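A.B. asks: test case, fold it:
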Amino acid sequence: MAHYGNLQKIRDGKRKYGITPHIPGGFITPENLEKIAKVAKKYNGVIKITSGQRILITNLEENDLPQIWDELHMEPAVKTQNSVKNVEMCPAGYCKRSKFNTIGIGMKLSKKYQWMDMPCRTKIGVAGCRNACGSVYSKDVGVIADINGKLMVTAGGSAGYNPRIADIIANDLSEEDTLNLVDSIFDYYKENAHDGEKLSFFIERISIENFKKEVLSRF
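C.D. replies: Residues are numbered from 1 along each chain as shown. Presented below is the predicted three-dimensional model:
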């Protein structure tokens, strides 16, 4: 496996790298958690819980990265920059506030879209109630359960240099309609956005009204 590591720090001429294994939805098995801890200890790594519901192992030597991946037997969370980087999920079915167990739909989205090429880096958020834990309204595409147990789909959120709250594209959706609408959004985005154009910038360029009209007409 390629080393899939990011240069984290150069101090006194020494280069240190970090890796981030793929942990679908932030749900990790005890066995994988033990492997991460074992590898970090063996290679003098530092463990950091990230905002993207993943575990970063940093302070690593570049030459050790291929062997570390071999020992982990896990996929890297990010393989290319302009792609779906992660699908973040709340606990949903394990939470007393959940109006719909969105873990299932989140895992379906993760299996379909994780690592898929996009015009720009893209994040998906999924939440089981209007509290939208995981900052779903700051994600490029979001799925949120409403108080009636139906689902809504949002698009155009961003928490970076140009923060933007996502727009609600449609609500009162079934799970099937939700998945179809997400497909429609990504298809339209990939077909029409400029290279490197984040979904929020694309929406603002063509207007939210035109964006809604196009994606809703496709599903």
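A.B. asks: so where do the strands sit in the protein?
C.D. replies: Remark: strands assigned in the chain by DSSP state E are 6-11, 14-19, 46-49, 55-60, 84-89, 122-127, 141-145, 151-155, 167-173.
A.B. asks: as JSON lines, these with mean pLDDT, mean neighbour count and distance to Lys38 would be great.
C.D. replies: Every residue, glycine included, has its C-beta placed from N, CA and C. Supplementary listing: those in JSON lines, determined by pLDDT from 0 to 100; neighbours: other Cβ atoms under 10 Å; distance: least, Cβ to Cβ, whole Å:
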{"stretch": "strand 6-11", "mean pLDDT": "85", "mean neighbour count": "11", "distance to Lys38": "21"}
{"stretch": "strand 14-19", "mean pLDDT": "93", "mean neighbour count": "17", "distance to Lys38": "14"}
{"stretch": "strand 46-49", "mean pLDDT": "97", "mean neighbour count": "13", "distance to Lys38": "11"}
{"stretch": "strand 55-60", "mean pLDDT": "96", "mean neighbour count": "20", "distance to Lys38": "11"}
{"stretch": "strand 84-89", "mean pLDDT": "96", "mean neighbour count": "26", "distance to Lys38": "24"}
{"stretch": "strand 122-127", "mean pLDDT": "98", "mean neighbour count": "26", "distance to Lys38": "29"}
{"stretch": "strand 141-145", "mean pLDDT": "98", "mean neighbour count": "27", "distance to Lys38": "35"}
{"stretch": "strand 151-155", "mean pLDDT": "98", "mean neighbour count": "25", "distance to Lys38": "39"}
{"stretch": "strand 167-173", "mean pLDDT": "98", "mean neighbour count": "17", "distance to Lys38": "43"}
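A.B. asks: out of those strands, flag the one nearest Val39.
C.D. replies: strand 55-60 (6.7 Å; Cβ to Cβ).
A.B. asks: enumerate every residue touching Val141.
C.D. replies: Thr122, Lys123, Ile124, Gly125, Val153, Thr154, Ala155, Ala166, Val182, Ile185, Phe186, Leu199 (Cβ atoms under 8 Å, 6 or more residues apart in numbering).
A.B. asks: can you tell me the centre-most residue of the protein?
C.D. replies: Nearest residue to the geometric centre of the chain (Cα atoms, centre = their mean): Asn86, 2.1 Å.
A.B. asks: tally of neighbours for the nearest residue to that residue once chain neighbours are set aside?
C.D. replies: Excluding the flanking residues, the one nearest Asn86 by Cβ to Cβ, 6 or more residues apart in numbering is Gly52, at 4.9 Å. Gly52: 18 surrounding residues under other Cβ atoms under 10 Å.
A.B. asks: next: Ile105.
C.D. replies: Quick note: Ile105 (other Cβ under 10 Å) scores 23 neighbours.
A.B. asks: coming back round to it: can I get the strands of the chain in JSON lines with distance to Ile206?
C.D. replies: Converted to JSON lines, the strands of the chain look like this (distance: least, Cβ to Cβ, whole Å):
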{"stretch": "strand 6-11", "distance to Ile206": "33"}
{"stretch": "strand 14-19", "distance to Ile206": "37"}
{"stretch": "strand 46-49", "distance to Ile206": "37"}
{"stretch": "strand 55-60", "distance to Ile206": "36"}
{"stretch": "strand 84-89", "distance to Ile206": "21"}
{"stretch": "strand 122-127", "distance to Ile206": "17"}
{"stretch": "strand 141-145", "distance to Ile206": "16"}
{"stretch": "strand 151-155", "distance to Ile206": "12"}
{"stretch": "strand 167-173", "distance to Ile206": "13"}
